[in-house]
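Novice: based on what follows, work out the 3D shape:
(chains A and B)
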Amino acid sequence: MAAIRGMSLFKKTGLIVFCLFGVIASLTSAMTAWTLYGMMTREYVSKGTAIAQSIAGASQEILLNRDAATVQSMIDQYLDIEGVAYVFVVDADGLVVSHTFVPEFPPMLHEVRGLKHETTISSLVIPPYGRVLDICTPILAGLAGHVHVGMGKELIMAYFWKVVFRMQILLFFIFWGCVGILYLMMRRVSRPLGQLTDFARKLAAHDFSATIDIRTRDELAVLGRAMMSMGQELALLFSEMESEVGKATADLRDHMAYLAAIIDNLADGLLVVDVTGAVSVINPAMREFFDLGDTPCKGRSPARLFPEEVTAMADRIRRCTTDVLSAEIPLARGRTGKAVGSSIFAETPDRQCLGGVLLIRDITREKELDQLKTDFISTVSHELRTPMTSVLGFSKIIRKKLDRAVFPLLDGEKSVEKPISQVRGNMDIIVAEAERLTELINDVLDIARMEAGEIQWRDENVSMAGILHQSVEATRGLWEAKGLEVEVDAAEGLPMVRGDRDRLVQVVVNLLSNAVKFTDVGPIRCSAVREGEYVRGSVADNGSGIDMADMRMVFDKFKQVGDTLTGKPEGSGLGLPICRQIVERHGGSIWVESEPGRGSVFSFTIPLAGLEPLVIPEGASAPCRGAGDAPGGRARTSPLVLVVDDDPSLIEYLSQVFEEQGFTVCEAANGPDAVAVARSVLPDLITMDIMMPGMDGREVIARLRAMDETRDIPILVITALSGTEGEAGDMALVKPVDDATVLEAAEALLRGKAYGAACIVLGGHRECDLNGLRVMCAGEVTFATAEEFWPLVEDGFRGTVFVSSEVVGEVELERLARLDGVSVIILPPFACRG
Amino acid sequence: MAKKILIVDDEVHIKMLLEQTLEELEDEFEVDLYTASDGEEGLEFIRGKRPDLVFLDIMMPKMNGYEVCRIIKDDPSLKDVKIILLTAKGQEVDRKQGLELGAMMYMTKPFDPDEILRVSKELLEL
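Specialist: Numbers count the residues shown, from 1 in each chain, chains lettered A, B, ... in the order given. Modelled structure (predicted):
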């Protein structure tokens, strides 16, 4: 009920019906009353007229006789007729003959004059009759006077109001009857509507048990049924969805539990940081590594929980780098861990960065084993080499002393000739075997160290042709002694390869000495060609060759294959395995093609330089960017600057300043990185901060100065510490610095380096007197002829060129003068001799 | 004036070998040969006698060759003392460390007596 009453639909309809009904009722009653009034008036008029005319007709004679009493009695009887208020008769002169007024004739009626031939009707107000219709009919065309009949209008009004009143009563009852009916109708409609509304509300509140019972046979029932089926459908969907969600949630829970179990049982320590750098996941192993116990870690900064090394790594990996960082990290209780960190990217098209993950493995045991291995190698090395030194050294001394001091004394003694030659032969055997043993020890230690990762590999751009030439020179003694020839065939314009020159030379020397060992006629051919992304080096001989069955074994340790024709060859059998180690370490491969009796070809491949990304030292972020060539290469067209600062914003600023100038920029945020990057990319200039955590700038400079390859790199100190100028580095600027000053200083240092670093003396005379000029050649001094000179310049030589006066005419001085970073000094005629 | 050559090695045989090898220098130079058995003894001798040439082993009791080298390098009065490091260690890092510490040569054991002679002559002639 309340629902119905509250319904605005009901209210609105009620209001409209009320208004409509009111208007209709008012109009109807007004019309009816008006019509009634008009009709009654007309009836009264005609009634009055009839009475007047009847009196006029009957009273002609009476009047003429002036019989007032008769007139009086005649008119009196008309008073009984309903609506007649008065009757009076006047004579032709207007004098009242008779009248029915009590007590007296109203004087105002004297004024009313009738017409002679017509009945006149006039409306008057006569007290006490009120409003009256006065109907005046002439008698004998007015000759006998006039009859006035007054019809009381008040009666009409009384009728009128009575009718109106009744009508209103009737309408009132009709109205309330209608309202009642309407209400019943509305209720009939609104109850199902209310049910539908309730149902919809319950559906919205996920109450699928609700039902609708609409028994009407109209659209509402259809709607109700439709809503019911919709509700059932929804209930079904909902329950399906709920079960799906429930299942998915359970799966997810299982999965999470599974993941959590994996993470918790991981032997390695796991740390996940979000992009803000706060810890988001940490596993028990990690807690154990750093003795964190039950310390709450989630959401905290790693700086409060872990040592500086971990914090630094966590900070780097959360910055969305694509590098994989690794570093050794001290753990609690003196243990050592190996940390590997990388940023986490979502598997979405935009690869949103989610932070970083750091995995730490306890490598204490491995380190100990490693140390044991190192110690073992070191001990064996020492323990074997020391006695070998005595054996080899003394046998050589004995041989020499016998030859020089003892045997000459016995010259001519026939009896000792044979023993002497035997002793000589035996001594030769001892020396040879001692040498062979030494070689074996060297090889064993070499391969053990390589396998233990003990060898430090240099990583530089080297020319394969250069390696071949150097190796051929190194083995000259061997092949010349055997009367062989070695041909070198390196293709023109062969690109550089990346590797350790000495180790690659070791490979070729090994292959060459093998070739020499097994070849009797020669020649031996060394060649280098480009093959896709590699350079292939080959050593081909036409010696005894290798059997198919043996070919697979030659690179295995201690597998020496012999040839019956040459007897058992000497050597440790470790040469080729060492070669394989070296080549594979460079990312290449080594193999042999051979045909017994026709010779063998040993080939190996080394990747081209510049293909692999710059090898970044462990723990350092990708340090280099800019317009220049790949860093690390010797042939650079733009200067390479290493910016060292622990403040990332200053690094960014200086990098931009240098990049705008077209320099290539490498970055390092701390001392150890700075040293590592400097050694790997060999920059042309370093800008150095002094105040840095860990290793400060002074120490970095000291370390750089202590190493051959970095000793001559000019260092520009940029520090907030005033008063340190000149203390370290080649030049110092005090923060804040502006770009113009920095560039000016950098360029001055670069110029100084270029002019002071290296010198070429053109003319090829080693006798040129450079006294006093040497000061300008802090670096190496090269003597070159005019033909040798231009290739050097094209190779990127920057420095000072001394041109001896004899060859001035042969050199394009203008072309020289146009070169950047090259200054030319023409030596006076007396400076050079020869 | 006689050239003073000091051999510092804890191995008696190596000392003997070097002595016998270096005796041959007497053909060309006036040579006084001295030996020491450990780093401290060697250093004491170097400070006292200022030898021209020192053969210095690296792995020795009391004070190793690197330390001896470092002390000599840090002492300006000893800058004329030429040092040849002799060691069984043959790794590149060792070589580098030795040369950084101011040694003139770095020779690995086992060495060739003729090579020792050649190098000594060159250094003494400088």
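Novice: for the residue nearest to A:D489 when sequence neighbours are not counted, which residues are in contact?
Specialist: Once flanking residues are discounted, A:D489 sits nearest to A:S527: 4.3 Å by Cβ to Cβ, 6 or more residues apart in numbering or on different chains. (Glycine included, C-beta is placed from N, CA and C.) Applying Cβ atoms under 8 Å, 6 or more residues apart in numbering or on different chains to A:S527 gives the contacts A:468, A:488-490, A:537-538, A:540.
Novice: just after the helix or strand harbouring A:S527, pick out the following helix or strand.
Specialist: Using DSSP states H and E, A:S527 maps to strand A:524-531. Using DSSP H and E, the helix or strand that follows strand A:524-531 towards the C-terminus is strand A:534-540.
Novice: and that following strand, which strands flank it?
Specialist: According to DSSP bridges, strand A:534-540 forms sheet pairs with strand A:524-531 (antiparallel), strand A:599-607 (antiparallel).
Novice: ok, how many other residues are close to residue 67?
Specialist: You didn't say which chain, so I picked chain A. Look at A:D67: counted by other Cβ atoms under 10 Å in any protein chain shown, it has 16 neighbours.
Novice: hmm, no, I was thinking of chain B.
Specialist: 16.
Novice: also A:P672?
Specialist: A:P672: 19 surrounding residues under other Cβ under 10 Å.
Novice: that older thread, how close does the residue nearest to A:D489 get to A:I606?
Specialist: 14 Å (Cβ to Cβ, to the nearest Å).
Novice: one more: B:E23?
Specialist: 48 Å.
Novice: compare these two and say which is more crowded by neighbours.
Specialist: A side-by-side neighbour count of B:E23 and A:I606, using other Cβ under 10 Å, places A:I606 first with 26 against 13.
Novice: that one and A:S463 touch, don't they?
Specialist: No: applying Cβ atoms under 8 Å as the test, A:I606 and A:S463 come out as separate, 11.0 Å apart.
Novice: who touches both of the two?
Specialist: Common neighbours of A:I606 and A:S463, counting by Cβ under 8 Å, 6+ apart, are A:V497.
Novice: residue contacts, B:H13?
Specialist: By Cβ under 8 Å, 6+ apart, the contact set of B:H13 is A:386-387, A:389-390, A:394.
Novice: 7 Å instead?
Specialist: B:H13 makes contacts with A:S390, as judged by Cβ atoms under 7 Å, 6 or more residues apart in numbering or on different chains.
Novice: in the stretch 51-200 of chain A, which residue sits nearest chain B?
Specialist: A:A200 (84.2 Å; Cβ to the nearest Cβ).
Novice: that residue: which element?
Specialist: Counting by DSSP H and E, A:A200 is part of helix A:153-204.
Novice: that helix - contacts with which helices or strands?
Specialist: helix A:2-6, helix A:8-58, strand A:130-139, helix A:219-265 (3 or more Cβ pairs under 7 Å, 6 or more residues apart in numbering or on different chains; DSSP states H and E).
Novice: what angle do that helix and helix A:8-58 make?
Specialist: Regarding helix A:153-204 and helix A:8-58, their directions subtend 170 degrees when assessed with axes from the mean of the first three to the mean of the last three Cα atoms, to 10 degrees.
Novice: pLDDT of helix A:153-204, averaged?
Specialist: For helix A:153-204, mean pLDDT rounds to 84.
Novice: roughly how far out does it sit from the chain middle?
Specialist: Centroid separation between helix A:153-204 and its chain, computed with Cα atoms, centre = their mean, to the nearest Å, is 71 Å.
Novice: same deal with stretch A:150-170?
Specialist: Offset of stretch A:150-170 from its chain centre (Cα atoms, centre = their mean): 94 Å.
Novice: could you dump it to PDB, C-alpha only?
Specialist: Extracted C-alpha coordinates of stretch A:150-170, given in PDB (Å, rounded to 0.1, in the frame of the first residue of the first chain):
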ATOM      1  CA  GLY A 150     -44.800  41.000 -12.000                       C
ATOM      2  CA  MET A 151     -43.100  37.700 -12.200                       C
ATOM      3  CA  GLY A 152     -40.800  37.200  -9.200                       C
ATOM      4  CA  LYS A 153     -37.300  36.400 -10.400                       C
ATOM      5  CA  GLU A 154     -36.200  35.200  -6.900                       C
ATOM      6  CA  LEU A 155     -37.900  31.900  -7.500                       C
ATOM      7  CA  ILE A 156     -35.900  31.400 -10.700                       C
ATOM      8  CA  MET A 157     -32.800  32.000  -8.700                       C
ATOM      9  CA  ALA A 158     -33.900  29.600  -6.000                       C
ATOM     10  CA  TYR A 159     -34.500  26.900  -8.600                       C
ATOM     11  CA  PHE A 160     -31.300  27.700 -10.200                       C
ATOM     12  CA  TRP A 161     -29.300  27.300  -7.000                       C
ATOM     13  CA  LYS A 162     -31.200  24.200  -6.100                       C
ATOM     14  CA  VAL A 163     -30.300  22.600  -9.400                       C
ATOM     15  CA  VAL A 164     -26.700  23.600  -9.100                       C
ATOM     16  CA  PHE A 165     -26.500  22.300  -5.600                       C
ATOM     17  CA  ARG A 166     -28.000  18.900  -6.600                       C
ATOM     18  CA  MET A 167     -25.800  18.600  -9.500                       C
ATOM     19  CA  GLN A 168     -22.700  19.300  -7.300                       C
ATOM     20  CA  ILE A 169     -23.800  16.700  -4.900                       C
ATOM     21  CA  LEU A 170     -24.200  14.200  -7.700                       C
END
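Novice: ok, and what's touching that stretch?
Specialist: By Cβ under 7 Å, 6+ apart, stretch A:150-170 touches A:29, A:32-33, A:36-37, A:40-41, A:44, A:47-48, A:83-86, A:126, A:129-135.
Novice: how many neighbours does the residue lying closest to A:G483 once chain neighbours are set aside have?
Specialist: Distances taken as Cβ to Cβ, 6+ apart place A:G522 nearest to A:G483, at 7.9 Å, with adjacent residues excluded. The tally of other residues near A:G522 (other Cβ under 10 Å) stands at 18.
Novice: correct me if wrong: A:G522 contacts A:E485.
Specialist: Yes: using Cβ atoms under 7 Å, A:G522 makes contact with A:E485 at a distance of 5.1 Å.
Novice: A:P672 touches A:M695, doesn't it?
Specialist: Yes: between A:P672 and A:M695 a contact is recorded at 5.9 Å, counting by Cβ under 7 Å.
Novice: what comes up buried for stretch A:579-593?
Specialist: Residues of stretch A:579-593 classed as buried: A:579-583, A:586-588, A:590, A:592 (neighbour count, 16 or more other Cβ atoms under 10 Å in any protein chain shown).
Novice: which of the residues you listed lies closest to A:Q506?
Specialist: A:I582 (6.5 Å; Cβ to Cβ).
Novice: pretty sure that closest one is in a helix, no?
Specialist: Yes: with DSSP: H, G, I helix; E, B strand; the rest coil as the criterion, A:I582 is assigned to a helix.
Novice: what about it, distance to chain B?
Specialist: Going from A:I582 to chain B by Cβ to the nearest Cβ, to the nearest Å gives 14 Å.
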